[in-house]
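K.L.:
this one's sequence-less:
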């Protein structure tokens, strides 16, 4: 249940922040430019390190998602892209023993049975 809560928080917090920005924009009848400057830029600045940290903590697929998102040229705030690029540049590798154990556990066979050649 702990991991599920971690995943849920990773998605829920940014959704809530950006939803709140939208509600404030509508409530105060802000133009898109004013909302960007007053609300969304601040939300981006707060959410970028938050999401990057959450993806690092969750590891694996979430790090890969962050790396993929960092390379998107559309629909992703620049501040978020900048933070997520650190997942490409400075992410630590898993050691070979861990990778071998994970793959063997997932497929129920040794790497030698699954692959002719395996390099890290």
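P.N.:
Ah, there it is. All values derive from a computational prediction rather than experimental measurement.
K.L.:
Can you list the buried residues in stretch 50-64?
P.N.:
For stretch 50-64, the neighbour count (16 or more other C-beta atoms under 10 Å) marks 50, 51, 52, 54, 55, 56, 58, 62, 63 as buried. The way it works is simple: take the backbone N, C-alpha and C, and place the C-beta from them, glycine included.
K.L.:
Next secondary structure after the helix or strand hosting residue 56?
P.N.:
Residue 56 belongs to helix 41-58 when assigned by DSSP states H and E. Moving toward the C-terminus from helix 41-58, the next helix or strand (DSSP H and E) is helix 60-70.
K.L.:
contacts for that next one?
P.N.:
10, 51-52, 54-56, 76, 80-81, 84-85, 87-88, 91 (C-beta atoms under 8 Å, 6 or more residues apart in numbering).
K.L.:
for the helix holding residue 56, what is the average pLDDT?
P.N.:
The predicted model assigns helix 41-58 a mean pLDDT of 93.
K.L.:
please begin residue numbering at 58 from this point
P.N.:
Taking 58 as the first residue, the last one we looked at is helix 98-115.
K.L.:
Now do that helix: which elements does it pack against?
P.N.:
Packing partners of helix 98-115 (3 or more C-beta pairs under 8 Å, 6 or more residues apart in numbering; DSSP states H and E): helix 59-84, helix 117-127, helix 135-146.
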